[in-house]
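Enquirer: missing the sequence, but the structure's below:
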């Protein structure tokens with residue numbers, strides 16, 4: 001089925017509400033004094049978490065016909081594809097909301113990783129603390145992945161099938177355009 005973006009539709013304002021609705025960005029703040037170098041994470045992982053980058057977390061969406069807002073906006077900036085003004089504005093809102101939430105979650109993950117590493121470094125790690133800390137990190141990482149995947153889902157919902165195909169040509173990917181059984 002073809003997707004259609006309807007000018008003046010209620011989708012754009014709802015997109016921002018949906019992204020921000022998970023509450024991850026407003027979750028309890030952990031200390032932001034995360035060491036610049038954790039032994040358990042590479043410098044690239046630390047930078048990516050701080051910057052709210054995708055780190056391949058949304059690859060399942062990207063490789064199956066659900067483009068991400070950052071790359072779509074990049075294609076538009078480079079003149080490689082066209083979006084209606086309303087689509088571009090909605091995608092900018094999706095990207096901004098995703099970035100804010102991803103950066104907040106990234107900082108929380110870094111703080112939790114630092115606590116985990118500190119427990120081992122101090123020689124005071126016990127089974128009960130280990131299980132709780134690993135579970136906490138896992139929940140934050142799952143929320144981060146959800147944030148990125150949701151942005152892809154919302155982005156695809158604002159684009160026509162032709163725009164998505166054009167996007168994948170720009171990216172140099174081949175993808176089957178699966179009929180997802182729903183209309184946006």
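Expert: Noted; the coordinates are in hand. From a predicted model like this one, the values you see are computed outputs, not experimental measurements.

Enquirer: Tell me where the chain has helices.
Expert: Remark: helices assigned in the chain by DSSP state H are 11-20, 43-51, 59-62, 69-77, 85-121, 127-157, 161-171.

Enquirer: Would you mind putting those helices into CSV with mean neighbour count alongside?
Expert: All C-beta spots, glycine's among them, are computed from the backbone N, C-alpha and C. Output for those, formatted as CSV (neighbours: other Cβ atoms under 10 Å):
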stretch, mean neighbour count
helix 11-20, 16
helix 43-51, 15
helix 59-62, 17
helix 69-77, 19
helix 85-121, 19
helix 127-157, 18
helix 161-171, 17
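
Enquirer: Can you tell me which of those has the worst average pLDDT?
Expert: Lowest mean pLDDT within the helices of the chain: helix 11-20, at a mean of 42.

Enquirer: is it true that residue 40 touches residue 112?
Expert: No: counting by Cβ atoms under 8 Å, residue 40 stays clear of residue 112, with 11.1 Å between them.

Enquirer: and the residue in the chain sticking out farthest from the centre, how far is that from residue 161?
Expert: Distance from the C-alpha centroid of the chain peaks at residue 123, with 35.1 Å (Cα atoms, centre = their mean). Separation of residue 123 from residue 161 (Cβ to Cβ, to the nearest Å): 58 Å.

Enquirer: Then residue 103?
Expert: Taken as Cβ to Cβ, the span from residue 103 to residue 161 is 32 Å.

Enquirer: Spell out for me which residue occupies the centre of the protein.
Expert: residue 148 (1.9 Å).

Enquirer: Apart from its neighbours in sequence, what residue is nearest that one?
Expert: residue 58 (4.1 Å; Cβ to Cβ, 6 or more residues apart in numbering).

Enquirer: Phi and psi next, for the one you found.
Expert: phi -110, psi 20 (degrees, to the nearest 10).

Enquirer: so who does it touch?
Expert: 66, 68, 145, 148-149, 151-152 (Cβ atoms under 8 Å, 6 or more residues apart in numbering).

Enquirer: Of these, which pair is most distant in space?
Expert: 66 and 145 (13.7 Å; Cβ to Cβ).

Enquirer: and the nearest residue to residue 112 once chain neighbours are set aside, how far is that from residue 89?
Expert: Closest residue to residue 112 apart from its sequence neighbours, by Cβ to Cβ, 6+ apart: residue 137 at 4.8 Å. The spacing between residue 137 and residue 89, counted by Cβ to Cβ, is 35 Å.

Enquirer: Then residue 69?
Expert: Taking Cβ to Cβ, one finds residue 69 at 12 Å from residue 89.

Enquirer: And for residue 47?
Expert: From residue 47 to residue 89 the distance is 29 Å (Cβ to Cβ).
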